[in-house]
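[1] Okay, predicted coordinates and the sequence, questions at the end:
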Amino acid sequence: MAKNKTTTTDASVFDFLQNVTNEVKRNDSFQLVNIFKSITGCEPKMYGPTIIGFGNYHYKYESGYEGNAPIAAFSPRKEAIVFYFSTEFEHREQLLEKLGKHKSGKSCVYIKKLDDINLSILEELTKASIADITSKYPNR
């Protein structure tokens, strides 16, 4: 079975964010760290080389594949800031409609900058995603 690439590392979140070259994305990312810390009550950790995660849960799929993942996470990528959300929580689509300027995939939501979105809706999305994850995977 393939090894999960997205595992915690000892890399510094602060150092990683200091190296984000886009100033707006860097400043937004520091703001997001504070928002996610407030929501989760967890300190940020690096997951792999580019994902900033908060909290942790263990998952196991019916296929037998299992691993650990953050209960909330984002990544300041070159093209966009990416948020990682659970895929099937109640009111997900309605909240996304209210979020503001974004693109979304199955579990990822992409924004250019925080000024493009409603931060209170981002907080609602994050809390709803966490609630969904912790209900499905209670053993953290």
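    Structure received.
[2] which residues of this structure score low on pLDDT?
    1-5, 139-140 (pLDDT under 70).
[3] And the strands in it?
    With DSSP state E applied, the chain shows strands at 44-47, 51-54, 57-60, 66-69, 72-76, 81-84, 103-104, 108-111, listed in chain order.
[4] closest one to R26 among those?
    Nearest to R26 among the strands of the chain is strand 72-76; the distance by CB to CB comes to 7.2 Å. (C-beta placed from N, C-alpha, C; glycine too.)
[5] Now the closest one: buried residues?
    Neighbour counts over strand 72-76 (16 or more other CB atoms under 10 Å) mark A72, A73, F74, S75, P76 as buried.
[6] Nearest to N118 among those?
    Once CB to CB is applied, the member of those that ends up nearest N118 is F74, at 16.0 Å.
[7] Save the strands of the chain as a markdown table, and put in distance to D28 too.
    Compiled in a markdown table, the strands of the chain are given as follows (distance: least, CB to CB, whole Å):
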| stretch | distance to D28 |
| --- | --- |
| strand 44-47 | 14 |
| strand 51-54 | 12 |
| strand 57-60 | 26 |
| strand 66-69 | 23 |
| strand 72-76 | 7 |
| strand 81-84 | 6 |
| strand 103-104 | 16 |
| strand 108-111 | 9 |
